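# give me a 3D structure for the following:
(2 chains)
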Amino acid sequence: MKNGNRFGLSVGAQTFLLAVVLCTVIVASTGMGYIKISPIEVLRIIASKVCGHERLLDGINHIFPYVVVDVRLPRILTAAIVGGGLSIAGTIFQGILLNPLADPYTLGISAGAAFGASIALLLNVGFLGIYAVPFFAFVGAVATLFVVLYLSSFNGQVSSNNLILSGIIVAAILSAGISFIKYVADEQVSVIIFWLMGSFGSKTWVDVFLTSLFVLIGFFVFVFFARDLNIMSTGNRSAASLGVETNRIRVILLVTASLITAVCVSVSGIIGFVGLIVPHLMRFLVGPDNRKLLPASALAGATLLLCADTITRAVLPTEIPIGVLTALIGGPFFCYIFRQRQIARMMG
Amino acid sequence: MGFEINRIRFSYGNNMVLHDLSIKMEPGRFYGIVGPNGCGKTTLLDILVRDKKPESGTVRYNGKGLGEYTRKDMARSIALVPQDFYIHFPFTLEEIILMGRHPYISRFSSPSADDLEIVSAVMAETGIERFARRYVTDLSGGEKQRVVFARALAQDTPVLILDEATSNLDIKYTLDLLNIAESRVRIEGKTVIAVMQNLNLAALYCDYLIFMKKGKMVAHGDIDKVLNEQNIQTVFGVESKVHFEPYSNSKRVVFKSGRDTEGQVSQ
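Residues are numbered from 1 along each chain as shown, chains lettered A, B, ... in the order given. Have a look, this model is predicted:
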């Protein structure tokens, strides 16, 4: 069995390359912004924080460590982790729903999170402080997941078509709910709209740890079942006869992917298309084998979303919501995939 | 040894699709299941691969209830070639066939030399080795069917179940594929259980034929005994003539069209 990708690179080399690109982008984007900091200084500041050597900071403006460690890095790392999380969740949803057009939001998770967040913003919930909105968003997303799973399960079986249909129905109801909330929200309406469009502004280390915890655990769960998912993505009936516990694994993967999505949405708002596009691009690069696809998607998704966030934060004259930017780039790409599929079907 | 099916019942809601079905199937024989659409053939196969559980009755394989086997053990004993399959992702042919070795490869380990050897042997046998690097999404329906058949062969199980596995194939590949299945029965003593639509193909390959209608077995037995005009009339409601054909060395079923002898369409 060949191990290389379509361009003859071994999987190890390719993962390493993607990781190098991600690290470079992290360092470069940390230096970008209103205050310019050179990559060398960024590396020295990070090294001094990690090793505790104050001497590494000699000759660096005393504001810089604060800018890098307390302002920029939390935002940059959160963006990267959310990008990676949404991408691996998208990979899993596409594999399980046997549908290359599925994404982390197909099951209505985003609508659930948005509904939860809108309620928190409308009622101006006071307890939990700044974590009230993320908390409500998370609860909304998880509750939606269970409603969708309940609607689509029958005789202990969960079929892909039922999942997609239930997801659409529940999302439609929740969207109507969100519209209603916006209608009655009065002054809060702009806050709700801005939250829905997504942002990585004012993220803290707590966000970094929270998202990385969920995304890492999820990543290991996915890699553990990656070979089973390969077989499941060629049809469930034959997967079962090849010794794959299809029903159990499908529920485990769906719940894990949805939890990752819920956490990502709750810290960043709704960022579309990353979870749809990155698995596609990476499938083109490394093939559909999930054991290679998952690491590649995680790294590429992190890089892509971080680049998008850096563009709105440091390149554009005014910050535009990240969800709008990814949709503006991702939407046309989605149309392209859709068109290609139709052409392929006509030829086939 | 083999399958012992004892009085199994199955229904979808109020619609009973299998009524008290009992049969034994032994190794080293080619079993054919024929019957009109919706007579419960596929449901019976689903029960044999434990995809569905009978509401009552028992299915034993090699003396043990199916429920006592782990999924992996099942996959090492019984392989299924399904009627339809959806492969939307561009795996190469080789990758798909290697999936047949899944029950033998433990998690996180790579396929052994044996696994790879079996995969290439199966590809050579089914005549698809020259496609090995092609993407399965680029194949035609018939080519995909051969790939899925090859994957079931790579699973190397004592029992091979074919659910209309030749429905998309032209006559050459149909014969090739059934010849391979037959050689597994004659040379290696495996069991093949095949749901078939074409009675003449069934006559050519099966040792034992099961006629099903509305969830019941109307007739079953050695092909020479049960493949006759009366059973075809009872099960399918069509007239036919069955005779022995020396060329194929098998029974042969012929039908008449709605035209009468003058070429008029009869009412």
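# how about the nearest residue to residue A:290, chain neighbours excluded?
The shortest distance from residue A:290 to any non-neighbouring residue, by C-beta to C-beta, 6 or more residues apart in numbering or on different chains, is to residue A:226 (4.0 Å). All C-beta atoms are positioned from the backbone trio N, CA, C, and that covers glycine.
# tally of neighbours for residue A:137?
Neighbours of residue A:137 under the rule other C-beta atoms under 10 Å in any protein chain shown: 30.
# for it, what are its contacts?
Contacts for residue A:137 (C-beta atoms under 8 Å, 6 or more residues apart in numbering or on different chains) come out as A:113-114, A:116-117, A:120, A:262, A:265-266.
# and the residue nearest to residue A:290, how far from residue A:92?
Computed as C-beta to C-beta, to the nearest Å, the residue A:226 to residue A:92 distance reads 10 Å.
# for the two, indicate the residue with more neighbours.
residue A:92 (31 against 22).
# give me the pLDDT value at the residue lying closest to the more buried one once chain neighbours are set aside.
Once flanking residues are discounted, residue A:92 sits nearest to residue A:257: 4.2 Å by C-beta to C-beta, 6+ apart. pLDDT, residue A:257: 93.
# for residue A:121, same thing?
87.
# which residues of the stretch 101-250 of chain B lie near chain A?
Within reach of chain A by C-beta under 8 Å from any C-beta of the partner chain, the stretch 101-250 of chain B has these residues: B:102-103, B:107, B:111, B:116, B:137, B:140, B:148, B:151, B:155.
# what do you get if the cut-off is 7 Å, keeping everything else the same?
B:102-103, B:111, B:116, B:148, B:155 (C-beta under 7 Å from any C-beta of the partner chain).
# which among those residues count as buried?
B:102-103, B:111, B:148, B:155 (16 or more other C-beta atoms under 10 Å in any protein chain shown).
# strands along the stretch 1-150 of chain B, start to end?
Assigned strands in the stretch 1-150 of chain B, in chain order: B:3-12, B:15-25, B:30-34, B:56-61, B:64-65, B:78-81 (criterion: DSSP state E, counting those that start in this stretch).
# show me where pLDDT drops low in chain A?
A:1-9, A:126, A:155-156, A:341, A:345-348 (pLDDT under 70).
# mind checking which residue lies nearest the centre of chain A?
Nearest to the mean C-alpha position of chain A, by C-alpha atoms, centre = their mean, lies residue A:86 at 1.9 Å.
# hang on, that one packs against residue A:265?
No. Between residue A:86 and residue A:265 there is no contact, the gap being 8.7 Å when judged by C-beta atoms under 7 Å.
# between the residues of the stretch 101-250 of chain B next to chain A, which is nearest chain A?
Chain A lies nearest to residue B:103 out of those, by C-beta to the nearest C-beta, at 4.0 Å.
# so who does that closest one touch?
By C-beta atoms under 7 Å, 6 or more residues apart in numbering or on different chains, the contact list for residue B:103 reads A:242-243, B:72, B:75-76, B:155.
# rewinding a little: just give the nearest non-adjacent residue to the residue nearest to the centre of chain A, would you?
residue A:275 (4.0 Å).
# I'd say that neighbour and residue A:103 touch.
Yes. If you go by C-beta under 7 Å, residue A:275 and residue A:103 touch, sitting 4.4 Å apart.
# what is in contact with the two at once?
Each of residue A:90 lies in contact with both residue A:275 and residue A:103 under the rule C-beta under 7 Å, 6+ apart.
# between those two, which one's more packed in?
For residue A:275 and residue A:103, the more surrounded residue by other C-beta under 10 Å is residue A:275, and the numbers stand at 34 against 29.
# on that earlier part again, just send the strands of the stretch 1-150 of chain B back as a markdown table, with mean neighbour count, distance to chain A and mean pLDDT too.
Converted to a markdown table, the strands of the stretch 1-150 of chain B look like this (neighbours: other C-beta atoms under 10 Å in any protein chain shown; distance: least, C-beta to the nearest C-beta, whole Å; pLDDT from 0 to 100):
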| stretch | mean neighbour count | distance to chain A | mean pLDDT |
| --- | --- | --- | --- |
| strand B:3-12 | 17 | 10 | 91 |
| strand B:15-25 | 16 | 14 | 90 |
| strand B:30-34 | 25 | 17 | 95 |
| strand B:56-61 | 16 | 14 | 92 |
| strand B:64-65 | 10 | 17 | 91 |
| strand B:78-81 | 26 | 4 | 93 |
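# which among those is found nearest to residue A:220?
strand B:78-81 (31.2 Å; C-beta to C-beta).
# so what are the sheet partners of the closest one and their directions?
strand B:159-163 (parallel) (DSSP bridges).
# helix or strand right after the partner strand?
The helix or strand immediately downstream of strand B:159-163 is helix B:171-186, counting by DSSP states H and E.
# kindly export that following helix (C-alpha atoms) in CSV.
The C-alpha coordinates for helix B:171-186 follow below in CSV (Å, rounded to 0.1, in the frame of the first residue of the first chain):
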residue,chain,number,x,y,z
ILE,B,171,-22.8,-11.6,-18.8
LYS,B,172,-19.0,-12.1,-19.0
TYR,B,173,-18.4,-10.6,-15.6
THR,B,174,-21.5,-12.3,-14.2
LEU,B,175,-20.1,-15.7,-15.2
ASP,B,176,-16.5,-14.8,-14.0
LEU,B,177,-17.8,-13.7,-10.6
LEU,B,178,-20.0,-16.7,-10.1
ASN,B,179,-17.3,-19.0,-11.3
ILE,B,180,-15.0,-17.7,-8.7
ALA,B,181,-17.7,-18.1,-6.0
GLU,B,182,-18.3,-21.7,-7.3
SER,B,183,-14.6,-22.5,-7.1
ARG,B,184,-14.6,-21.5,-3.5
VAL,B,185,-17.4,-24.0,-2.9
ARG,B,186,-16.0,-26.9,-4.9
